[in-house]
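> Following is a predicted model, sequence given first.
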Amino acid sequence: MKTKDFFACGLALALLRLVTAFLYIQHATAKFWQWPVSMTDGHGSVALFSMMGAAGVLELVGGALLLLGLFVRPVAFILCGQMAVAYLFIHTPSAGWHTLLTPQLNHGELAVLYCFIFLFLFVAGGGWLALDNQRKSKQVLADF
């Protein structure tokens with residue numbers, strides 16, 4: 001691979017991680033603080049010890065870790081699973097199982113996209129600007 005292509009791929013991967021994390025955190029803020037929109041139609045925040053509350057905690061903590069680039073692979077794996085569960089057990093049953101392969105009908109497009117972006121981050125890592133890169137370089141120096 002050419003050096004120019006290598007750096008472009010690392011930068012594109014970092015941008016994908018940063019933008020995805022920023023947008024994912026907004027799902028949590030919408031659940032807990034009703035910002036930038038309310039996920040409860042103005043009826044206050046979701047209960048912390050509910051399925052939506054657990055999803056919000058994963059979105060907030062996982063999104064923050066991805067934004068920083070810490071533990072990218074394990075966090076992305078967990079969030080990929082969260083989005084698969086959301087699609088299969090929230091979006092699809094609410095519109096009927098006949099919509100399993102048509103996410104536009106069950107409003108699950110974002111869940112599917114997030115699921116596969118997180119799967120990609122699990123495989124590819126965090127790219128440039130990830131704090132995991134700093135941890136790895138210190139670990140290599142410690143082993144040397």
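That came through, no problem.
> what's the burial count for the residue lying closest to S45 once chain neighbours are set aside?
Leaving aside its chain neighbours, S45 sits nearest to F32 (4.8 Å; criterion: C-beta to C-beta, 6 or more residues apart in numbering). In this view, the C-beta of every residue, glycine as well, is placed from N, C-alpha and C. The burial count assigned to F32 is 19, neighbours taken as other C-beta atoms under 10 Å.
> again with G96
Applying other C-beta under 10 Å, we find 10 residues neighbouring G96.
> Mind pulling the model confidence for K138?
Looking at K138, its pLDDT stands at 60.
> Leaving out the residues flanking it, which one is nearest to I25?
According to C-beta to C-beta, 6+ apart, the nearest residue to I25 is G63 (3.7 Å).
> Tell me, how many residues neighbour that neighbour?
When neighbours are counted by other C-beta under 10 Å, G63 registers 22.
> ok, now which ones touch it?
By C-beta atoms under 8 Å, 6 or more residues apart in numbering, the contact set of G63 is A21, F22, Y24, I25, H27, A28.
> Just confirm the third one contacts L65, I think it does.
Translated: Y24. No - Y24 lies out of contact with L65 (C-beta atoms under 8 Å); the separation is 10.6 Å.
> Low-confidence stretches in this protein?
Scanning the chain for pLDDT under 70 picks out 1, 137-144.
> In three-state terms, label W35 for me.
Look at W35: counting by DSSP: H, G, I helix; E, B strand; the rest coil, its state is coil.
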